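[1] based on what follows, work out the 3D shape:
(2 chains)
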2 protein chains.
Amino acid sequence: MDRTGHPTLQDVSRHAGVSTATVSRCVNDPEKVARKTRERIERAIEELGYTPNFGGRVLASRRSNTIGVVIPTMNNAMFAGALQAVQEVLSDSGKSMLVATSGYDPEQEFRQIRALVGSGADGLLLIGTDRPATTRDYLARRAVPHVLTWCHDPASEAPTVGFDNHEAGKVIAEAAIGLGHRALGIIGGISTDNDRAAGRIEGMRAAVAEAAGGVRIVGVQETRYSLDRGDEAFDRLMARAPIPSVILCGNDVLATGAILRARARGVRVPEDVSITGIDDHDLARVVLPALTTVRVPQRDMGRQAAQVLLERISGAGPVRGRELPLELVWRDSLAAPRQVPPD
Amino acid sequence: MDRTGHPTLQDVSRHAGVSTATVSRCVNDPEKVARKTRERIERAIEELGYTPNFGGRVLASRRSNTIGVVIPTMNNAMFAGALQAVQEVLSDSGKSMLVATSGYDPEQEFRQIRALVGSGADGLLLIGTDRPATTRDYLARRAVPHVLTWCHDPASEAPTVGFDNHEAGKVIAEAAIGLGHRALGIIGGISTDNDRAAGRIEGMRAAVAEAAGGVRIVGVQETRYSLDRGDEAFDRLMARAPIPSVILCGNDVLATGAILRARARGVRVPEDVSITGIDDHDLARVVLPALTTVRVPQRDMGRQAAQVLLERISGAGPVRGRELPLELVWRDSLAAPRQVPPD
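    Numbers count the residues shown, from 1 in each chain, chains lettered A, B, ... in the order given. Take a look at the predicted model:
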């Protein structure tokens, strides 16, 4: 017992009948300890109610065995599939995942990063490349191992493990244009401080710019990713002249919201207007009509991002980012326009 | 700078032109420092890249200003609404929320609790009352302030801020019985180690036990909360004799999965079979037909649970739990059975 009555590393070592070095190794690098020994130590830790002291652990190995993840939001489970995969990889390495949310606010993200580093996180997984110089400088100065995901940018300072958001927007817009759509509306996420939302909208614009005559964007609305936030955006786009024959949405949550709004207004999808998503979220197959969308390889991305982060933390040589493929998923919410207007 | 080149509390104090005691207070109890002073200190902290050292902070105040939350899963955003509210309350008090997941596994929950306590969490928010004696003993021995939510049990050792899951199951079953349903099927969550799933199923059984003649349960299937896991359960229930006229589901995720399965099999809802949920998750209004369900006051529950936890941490006298009300939400997935069989 220490002076405050808490059990110490020595107590655990005596109780388990192993050296303090073995207990320390078991706490910091459990995979390096034989299973039976580990179980004996874990039983002693449980029976005594020992909690490894972070300060002591840092002195011993500079490892806390926790990884911090900062995601924009837990709403709509947009990041859940990837996080589940991250958790599984970390768990196999004896590490825990702690998640904090930024609310899409760069200052809140910075506060959460500092809280995670302050509580001893060995490394961080962050979403996207856009963040203020203050945050990037902090990560560099403190030499915090980190990996960026949900994006891919070979020019990024930190390795990115994700997909090309620009390409995702381009692919879905090209699918609509290929079916004969000429008047396109866009409901995107808010692009300020959000490279993913911005990239998707730019990709849609790029497809239109490259298309042959007469294809144009009749309106772009940016709104928060929420089932309800698309209502006003949908109404505004449908009040344009010409009315868009397809509305390309920045993600499946916005697209699902747009379909609910269309249903409430008696607008038929895809007969009166086509609606598309991006992500292949669970909502995409629940809503009727089911969403034509671009599948983001969430689980695979989470798994690989966790692996790359573990490599960075272990300090094993230079670590390279990885780009994951996208896949267009055809369902029922996108069809040819009722009549193709003359070019 | 300390020996490792990291800026110290003294560096921040000099840079901001305030005493080290004020810097320490700003880090540990930001709400007690005048806004302008706090901004000056925060600027100095950012400019220097100072991270409060957890060990030092504990010595100074035993506060890390982080709260740990362990939820079963991030999948399906089942807990997202409440967590968002918890985050907002904590943020107003200058605290951060760190979330870990247990995968509905009591041993993983215990590991995550120890990781959070080890990283200095001031208190914990946990889901439900069911957990092994080992975990409860640990929390008691370490005197970790904690609050339980998603459940209500006045007899619980720790305060609960939530609703009565038994009542939720009873209310929805009574609604079905009241419409004339006599043959009920149940697709529940896995009740082992899960007081919420068990309570909901028991509440449904209680409503049947109290109903007048001829009402019976033709089958109970337990499965993981997932859109896809309900397929087999749905098929098995629909193979019973008599075929159930209503399937009561343990939550909206299972109910949505059941509706998707019915759609794929050409079974009409509610004409051929009614399907109900519990929670009033976003899915409940996205799926067609929209789900008749029991609304759980997620945001309000999260807000109040965070407040009660902050009271516990501040040590301000005995803290009592709170029960939140449930509300039956009528939509389109529950209707009277096609023909009421004779009693």
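
[2] my guess is A:H181 contacts A:I243, does it?
    No: counting by Cβ atoms under 8 Å, A:H181 sits too far from A:I243 to count as a contact (11.8 Å). Using the backbone N, CA and C atoms, a C-beta is placed for each residue, glycine as well.

[3] can you give me the helices in chain A?
    Remark: helices assigned in chain A by DSSP state H are A:9-16, A:20-28, A:35-48, A:54-61, A:80-92, A:106-118, A:133-141, A:165-178, A:195-210, A:230-238, A:252-265, A:283-286, A:298-314.

[4] what residues does the stretch 151-300 of chain A put near chain B?
    With Cβ under 8 Å from any Cβ of the partner chain as the criterion, the stretch 151-300 of chain A meets chain B at residues A:L227, A:T256, A:L260, A:D282, A:L283, A:R285, A:V286, A:V287, A:L288.

[5] switch the residues you listed over to CSV; also include distance to A:Q304, pLDDT and neighbour count.
    Below are those laid out as CSV (distance: Cβ to Cβ, whole Å; pLDDT from 0 to 100; neighbours: other Cβ atoms under 10 Å in any protein chain shown):
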residue, distance to A:Q304, pLDDT, neighbour count
A:L227, 30, 91, 20
A:T256, 28, 97, 27
A:L260, 34, 96, 19
A:D282, 21, 93, 25
A:L283, 24, 95, 28
A:R285, 24, 95, 16
A:V286, 27, 96, 21
A:V287, 29, 97, 28
A:L288, 34, 96, 16
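
[6] more neighbours: A:H181 and A:I243, which one.
    Taking other Cβ atoms under 10 Å in any protein chain shown, A:H181 and A:I243 do not tie; A:H181 has more neighbours (24 against 14).

[7] what mean pLDDT would you report for stretch A:113-123?
    When pLDDT is averaged along stretch A:113-123, the result is 92.

[8] repeat that for stretch A:335-343.
    The model assigns stretch A:335-343 a mean pLDDT of 72.

[9] and if you look at stretch A:232-248?
    96.

[10] and if you look at stretch A:165-185?
    pLDDT averaged over stretch A:165-185 gives 98.

[11] which parts of stretch A:307-316 are buried?
    A:Q307, A:V308, A:L309, A:L310, A:E311, A:R312, A:I313 (16 or more other Cβ atoms under 10 Å in any protein chain shown).

[12] the closest residue to the first one other than its chain neighbours: what's it in contact with?
    Looking back up the chat, that one is A:Q307. Nearest residue to A:Q307, sequence neighbours excluded (Cβ to Cβ, 6 or more residues apart in numbering or on different chains): A:V89, at 6.1 Å. A:V89 makes contact with A:G302, A:R303, A:A306, A:Q307, A:L310, according to Cβ atoms under 8 Å, 6 or more residues apart in numbering or on different chains.

[13] from chain B, how far out is the residue nearest to the third one when sequence neighbours are not counted?
    Spatially, and ignoring its direct neighbours in sequence, A:A306 is nearest to A:V89 (3.8 Å; Cβ to Cβ, 6+ apart). Summarising the geometry, the distance separating A:V89 from chain B, computed by Cβ to the nearest Cβ, to the nearest Å, is 14 Å.
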